[in-house]
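Asks: structure for the following, please:
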Amino acid sequence: MSEQVQIANLDKYDRIILQILQENSNTSLKEIANKTGLSSSTIHYRINRLIKDKIIITFTAQVDPVKVGKDILAVSLVNGKYGSDISKKLGDKLGKIPGVWAVYYLLGNIDFAVLLRASTREELKNIIDAIMRIEEVEKSNTYLVLERIKEDPKVEF
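Replies: Modelled structure (predicted):
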């Protein structure tokens, strides 16, 4: 059973701060203060609270995978063999395969959607082979993405 998540109580300023930081996590406290009308010390306090409450989970550089040679994107739809705790067991194994970018446990007739990033067709083949070697995998269908229409990790408020 997954744990119950407490939804954060965010006010208008928290949401503005989060939107600004999602656009550019290097935005200075002073610049955020100017955009919100709050003091820099208040912004500092609020950001620290958002970190402490695990609303902000990390500050990171978002890298364009195409520009660093990972221009092959594929989606693999995976079904697992029936068994207890399949989401945890198989999900963990899928997530440890190099080249697996994301793993989602699904409701419906497909168990997992797995996003794959590779530099070459050979690398993609190796990732797919690694998926199929997992004992708990029953079958997998992989689809090559031809064009990136939208990809945006930001959370809208």
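Asks: in the protein, which spans are strands?
Replies: 72-80, 100-105, 112-118, 137-144 (DSSP state E).
Asks: Serialize those to TSV and add fields for mean pLDDT, distance to Q22 and mean neighbour count.
Replies: (C-beta placed from N, C-alpha, C; glycine too.) What follows is the strands of the chain, written out as TSV (pLDDT from 0 to 100; distance: least, C-beta to C-beta, whole Å; neighbours: other C-beta atoms under 10 Å):
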stretch	mean pLDDT	distance to Q22	mean neighbour count
strand 72-80	97	22	19
strand 100-105	96	18	16
strand 112-118	97	20	20
strand 137-144	96	29	14
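Asks: now those in CSV, with distance to L10?
Replies: Formatted as CSV, these follow (distance: least, C-beta to C-beta, whole Å):
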stretch, distance to L10
strand 72-80, 32
strand 100-105, 25
strand 112-118, 28
strand 137-144, 37
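Asks: of all those, which one is nearest T27?
Replies: T27 lies closest to strand 100-105 among those, at 26.3 Å (C-beta to C-beta).
Asks: quick one, the helix or strand bottoming out on mean pLDDT in the chain and strand 112-118 angle?
Replies: The weakest-scoring helix or strand in the chain, judged by mean pLDDT, DSSP states H and E, is helix 86-95 (a mean of 93). Computed by axes from the mean of the first three to the mean of the last three C-alpha atoms, to 10 degrees, the angle separating helix 86-95 from strand 112-118 equals 0 degrees.
Asks: next, the angle from helix 86-95 to strand 100-105.
Replies: Note on geometry: by the same axes, to 10 degrees, helix 86-95 and strand 100-105 are set 170 degrees apart in direction.
Asks: can you give the domain ranges for this protein?
Replies: 12-52, 65-144 (automatic domain parsing).
Asks: closest to E156 out of those?
Replies: domain 12-52 (8.6 Å).
Asks: first-to-last residue distance for that closest one?
Replies: End-to-end distance for domain 12-52, by C-alpha to C-alpha, to the nearest Å: 19 Å.
Asks: gap between it and the chain center?
Replies: Counting by C-alpha atoms, centre = their mean, to the nearest Å, domain 12-52 is centred 22 Å from the centre of its parent chain.
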